[in-house]
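Participant: I'd like to go over a predicted model; first the sequence, then the structure.
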Amino acid sequence: MTIDPALKQIADKVEAGVRLSFDEGMVLSTHPDVLTVGQIANIARERLHGNTTYYNRNLHLNTTNVCEASCAFCSFARLKEGMPSAYTMTPEQALEWIEKRYQPGMTEVHIVNGLNPGLPFSYYTDLLRAIRVRFPALHLKAFTAVEIHYFAKKFDLSYREVLEQLIDAGLGSLPGGGAEIFAERVRKRICRDKVDADGWLEIHRTVHDLGLKSNCTMLYGTLETREERVDHLMRLRDLQDETGGFQAFVPLAYHPDGNRLRKLGAPTADDDLRMIAVSRLILDNIPHIKAYWIMLGIKMAQVAQRFGANDMDGTVIEEKIYHMAGAPTPHELTVVELERLIRSTGREPVERTTVYEMVGAK
Ligand code: V47
């Protein structure tokens, strides 16, 4: 088998543990031989994680889809209360919602909401406190940086003050959503009403400074160029050099149904696998790359385990955001199914907590 010299040079650097540049990120992003790109990413993946693929037992809770922002790619949000399928749960209704779906052994609830202008800040602190009291085994991974920014502006608080109050109420970590694509050119067109790239990064910097971990994401497949994808990864890598607080990167494949960008269609298999591989190779300082099966599809998430990914996310009981945008995946997987899917790729499933402690380890 012959390998193109440009890829061979990159493979040698990866073998030697040398950091890749923006230009090398571009070679990996554009070279037609995606299989070799994946093989190179697999070197980095196996060096970090051997044969392990992580998963967790989690629930997704979205307590309101009423949202002031009108992101062009979103199928979940409703602009105003009272519009068809708009909803807002009270904290009590949220508890009932969890109660119906909770299973012993679950370790995480992932909470992401719309930017609802009708709710006071106490709604969010009450929600976290109520869940913490009723379900003490659940880690509260809650509110994207977009929501934190919204609370800060609306309630006239600094990012630090918002986060300190949420931590006091039980916040355990921040999910990675809302990063979309950092390039201002694209942000202006797809999500102009929400926090800009610098604000998103500053919020995660503050989260890390307060001692919490967080995840990071990139939405790909809308209007961005390949350069803008690599630029996004470089900005995440720079912040991670500074703080070390990101634990996982989750590439989010754009889903086209029911939103204003639907004419674009969905990312291709090449996009999906290449995104996993390039992120593994550029983000040499972020430990985990998640192949989120809900949006990649189960089969692609399995293949991704050989292209640089080492995590599948979890059981994800009742996902809404992607299903309203047309994701054809099931709404949940059982642990038995997840483990079978991981084993059939030749990887060893390991259950983890949100912060990557092994479940059952002494
Ligand atoms: O910020 C919304 C994205 C994100 C669409 O941290 C869409 O472990 C594609 O943050 N097509 C929310 N993407 C989800 C999220 C997340 C999910 C799983 C794990 C983690 C983690 C975080 O979903 C939004 C936005 O970027 N999104 N609509 C769409 N039509």
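Facilitator: Perfect, I can see it now.
Participant: ok, the nearest residue to residue 49 once chain neighbours are set aside - contacts?
Facilitator: Spatial nearest neighbour of residue 49, chain neighbours left out: residue 310 (4.2 Å); criterion: Cβ to Cβ, 6 or more residues apart in numbering. To be clear about C-beta, it is placed using only N, CA and C from the backbone, and glycine gets the same treatment. Residues near residue 310 by Cβ atoms under 8 Å, 6 or more residues apart in numbering: 45, 48-49, 52-54, 288-289.
Participant: Burial check on whatever residue of the stretch 101-250 of the chain ends up closest to the ligand, number of neighbours?
Facilitator: As assessed by Cβ to the nearest ligand atom, the ligand sits closest to residue 177 within the stretch 101-250 of the chain, at 2.2 Å. Burial measure for residue 177: 21 neighbouring residues, criterion other Cβ atoms under 10 Å.
Participant: right, and it touches residue 112 too?
Facilitator: Yes. The pair residue 177 / residue 112 is scored as a contact, 5.7 Å apart, by Cβ atoms under 8 Å.
Participant: Could you tell me which residues touch both of those two?
Facilitator: With Cβ under 8 Å, 6+ apart as the test, residue 177 and residue 112 both reach residue 144.
Participant: quick one: the residue nearest to residue 49 and residue 48, what's the gap?
Facilitator: Using Cβ to Cβ, to the nearest Å, residue 310 is found at 7 Å from residue 48.
Participant: Then residue 79?
Facilitator: Counting by Cβ to Cβ, the separation of residue 79 from residue 48 is 43 Å.
Participant: Which helix or strand contains residue 173?
Facilitator: strand 171-174 (DSSP states H and E).
Participant: average pLDDT for that strand?
Facilitator: Across strand 171-174, pLDDT averages out at 98.
Participant: and stretch 201-221, average pLDDT?
Facilitator: 98.
Participant: Now that stretch: buried residues?
Facilitator: By neighbour count on 16 or more other Cβ atoms under 10 Å, the buried set for stretch 201-221 is 201-208, 212-221.
Participant: Between the two ends of that stretch, how far is it?
Facilitator: One end of stretch 201-221 sits 21 Å from the other (Cα to Cα, to the nearest Å).
Participant: start at 9 instead
Facilitator: Yep, numbering from 9; the last one is stretch 209-229 now.
Participant: Check whether that stretch comes into contact with the ligand.
Facilitator: Yes. Stretch 209-229 is in contact with the ligand by Cβ under 6 Å from any ligand atom, via 223, 225, 227.
Participant: For those, give me CSV that also has distance to residue 134.
Facilitator: As requested, those are arranged in CSV below (distance: Cβ to Cβ, whole Å):
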residue, distance to residue 134
223, 25
225, 27
227, 30
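Participant: In helices, which of the contacts of residue 318 fall?
Facilitator: Judged by DSSP state H, helices contain the following of the contacts of residue 318: 53, 56-57.
Participant: Find the nearest non-adjacent residue to residue 247, please.
Facilitator: Residue 247 sits nearest to residue 209 (Cβ to Cβ, 6+ apart), 5.3 Å away.
Participant: tell me the SS of that neighbour?
Facilitator: The three-state assignment at residue 209 reads helix, by DSSP: H, G, I helix; E, B strand; the rest coil.
Participant: Please list the residues of the stretch 9-158 of the chain that sit near the ligand.
Facilitator: 81-83, 120, 152.
Participant: now with 5 Å?
Facilitator: 81-82 (Cβ under 5 Å from any ligand atom).
Participant: The stretch 9-158 of the chain: helices as residue ranges?
Facilitator: With helices called from DSSP state H, counting those that start in this stretch, the stretch 9-158 of the chain shows them at 13-23, 30-38, 42-57, 99-109, 129-142, 153-162.
Participant: Give the bridge partners for residue 149, please.
Facilitator: residue 118, residue 181 (DSSP bridges).
Participant: circling back: so the residue nearest to residue 247 versus residue 246, what's the distance?
Facilitator: Distance from residue 209 to residue 246, by Cβ to Cβ: 9 Å.
Participant: Equivalent analysis for residue 169, please.
Facilitator: Computed with Cβ to Cβ, the distance linking residue 169 and residue 246 is 26 Å.
Participant: and if you look at residue 261?
Facilitator: Residue 261 sits 24 Å away from residue 246, going by Cβ to Cβ.
Participant: Of those two, which one has the most company?
Facilitator: A count of neighbours by other Cβ under 10 Å puts residue 261 above the other of residue 261 and residue 246, at 21 against 11.
Participant: Would you list the phi and psi of that one?
Facilitator: Torsion angles at residue 261 (phi, psi; degrees, to the nearest 10) stand at phi -80, psi 130.
Participant: ok, back up a step: can you add mean neighbour count and give the helices of the stretch 9-158 of the chain back as a markdown table?
Facilitator: Below are these laid out as a markdown table (neighbours: other Cβ atoms under 10 Å):
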| stretch | mean neighbour count |
| --- | --- |
| helix 13-23 | 15 |
| helix 30-38 | 17 |
| helix 42-57 | 19 |
| helix 99-109 | 14 |
| helix 129-142 | 18 |
| helix 153-162 | 22 |
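Participant: Around the ligand, which positions in the stretch 209-358 of the chain sit nearby?
Facilitator: So the stretch 209-358 of the chain meets the ligand at 223, 227, 258, 260, 262-263, 300, 333 (Cβ under 5 Å from any ligand atom).
Participant: same for the helix or strand bottoming out on mean pLDDT in the chain, what does it pack against?
Facilitator: Within the chain, no helix or strand scores below helix 301-304, which has a mean of 92 by mean pLDDT, DSSP states H and E. Under the contact criterion of 3 or more Cβ pairs under 8 Å, 6 or more residues apart in numbering; DSSP states H and E, helix 301-304 touches strand 254-261, strand 319-322.
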